[in-house]
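J.: I need the structure of the sequence given here:
(chains A and B)
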Amino acid sequence: MRPVLIDTCIWVPFFNRPQSAEKKAVDALLDDDLAVLIGPIVTEILQGIPREAQANYVGSLLRGMRWLETIWEDWIEAARLGRRLAAAGHRLPPVRSSLPWREFRRQHECGSDRAKHRRLHRRKAKPGALAWLLGKGDFIVPIPGTKRRKYLEENAGAVDVKLSDDDMARLEAALRPEAVSGPRYNEKLMAWVDR
Amino acid sequence: MVPSEYLPLPSMIATINLNDDEVKDLRDLTQVGDVAGAVRRALDEYRRYARRMRLKEISGQVAMDDNWPSLEAAETDAPGPH
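T.: From the prediction side, this is the model:
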């Protein structure tokens, strides 16, 4: 079996979710000394751990893994490979997002009522979320922030999006407060906060 | 593996007694001829192994921010140089 360079998006569930498939996969690679690190990944992992002491400890443990030395030519070759893959039509899979609107879209992508929701799915996430907020009543005034005209225009387009009662009901069901709120960390992780 | 001549000077010297079988094992397994080098290799490998095993154990005890997609988005949405 060949060594595997593990990306940051795999390390997040490795650290946060002990029962995850990612954790099991990384464990197997660590057992066989096939897990490989590279500088940018180390930086991303450690900057994602807010507590300095924990980050230092994790950093010391990561030194038990294989380290991939790179030179200038490696990065040039990586760029060349990326161009070839892109030209052949290969794309990275979409990243799962925890944003409520995207979560709503993901939940409904496999639903039976695809035709009815195609119109919703085509919309950009933020205008869709704004349309949902606007649809909740005249007393709600969403204040979106953006730095680019393109996004400002997209957001302004939300006033033209009219969601049906059915659309609103489905969104409300997907975005129930109890489903999208709660403590940031579970009890075990909270024990580490401010220690 | 960093060549021993580039390693910092040892701050402590420990004497350990190894029998012939252990020395032979060390040389065979590490593929290092001299005994000191073989012990050093074995020690380094054990430290790497122990760190990996401990890394497996801390899952669920370290809070890692799941914010890398937003960090990437911030990079791509950042204003360009003036």
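
J.: any stretches of chain A with poor pLDDT?
T.: Applying pLDDT under 70 to chain A flags residues A:92-128, A:133, A:136-147, A:174-195.

J.: okay, now A:Val58: neighbour count?
T.: A:Val58: 22 surrounding residues under other Cβ atoms under 10 Å in any protein chain shown. C-beta here means a position set from N, CA and C on the backbone, and glycine is covered the same way.

J.: no wait, A:Lys24
T.: Neighbour count for A:Lys24, taken as other Cβ under 10 Å: 11.

J.: same question, A:Ala158
T.: Residues lying near A:Ala158 (other Cβ under 10 Å) number 21.

J.: and it, backbone torsions?
T.: Backbone torsions for A:Ala158, taken as degrees, to the nearest 10, come to phi -60, psi -30.

J.: I'd guessed it sits against A:Ala131; true?
T.: Yes. Between A:Ala158 and A:Ala131 there is a contact under Cβ atoms under 8 Å: 4.7 Å.

J.: where's residue 23, which helix or strand?
T.: Chain wasn't specified; assuming chain A. A:Lys23 is part of helix A:21-31 when elements are defined by DSSP states H and E.

J.: you answered for a different chain; I wanted chain B.
T.: helix B:20-30.

J.: average pLDDT for that helix?
T.: Mean per-residue pLDDT for helix B:20-30: 94.

J.: mind listing what's buried along that helix?
T.: Residues B:Leu26, B:Arg27, B:Thr30 are the ones in helix B:20-30 that count as buried (16 or more other Cβ atoms under 10 Å in any protein chain shown).

J.: now for the first one: which residues touch it?
T.: Neighbour list for B:Leu26: B:Leu18, B:Val32, B:Val35, B:Ala38, B:Val39, B:Ala42 [criterion: Cβ atoms under 8 Å, 6 or more residues apart in numbering or on different chains].

J.: restricted to buried residues, select those residues in PyMOL.
T.: For the buried members of the contacts of B:Leu26, the matching PyMOL selection, counting by 16+ other Cβ under 10 Å, is:
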select buried, chain B and resi 32+38+39
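
J.: number of nearby residues for A:Arg63?
T.: Neighbours of A:Arg63 (other Cβ under 10 Å): 14.

J.: would you confirm that it contacts B:Arg51?
T.: Yes. Using Cβ under 8 Å, A:Arg63 is in contact with B:Arg51, at 6.0 Å.

J.: alpha carbons of the helix holding B:Val23, as PDB, please.
T.: Taking C-alpha atoms only, helix B:20-30 is exported to PDB below (Å, rounded to 0.1, in the frame of the first residue of the first chain):
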ATOM      1  CA  ASP B  20      24.600 -10.600  22.200                       C
ATOM      2  CA  ASP B  21      21.100 -11.600  21.000                       C
ATOM      3  CA  GLU B  22      19.800  -8.000  21.600                       C
ATOM      4  CA  VAL B  23      22.700  -6.500  19.700                       C
ATOM      5  CA  LYS B  24      22.300  -8.900  16.800                       C
ATOM      6  CA  ASP B  25      18.500  -8.200  16.700                       C
ATOM      7  CA  LEU B  26      19.100  -4.400  16.800                       C
ATOM      8  CA  ARG B  27      21.600  -4.600  13.900                       C
ATOM      9  CA  ASP B  28      19.400  -6.900  11.900                       C
ATOM     10  CA  LEU B  29      16.200  -4.900  12.400                       C
ATOM     11  CA  THR B  30      17.600  -1.500  12.000                       C
END
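
J.: cheers, nothing more for now.
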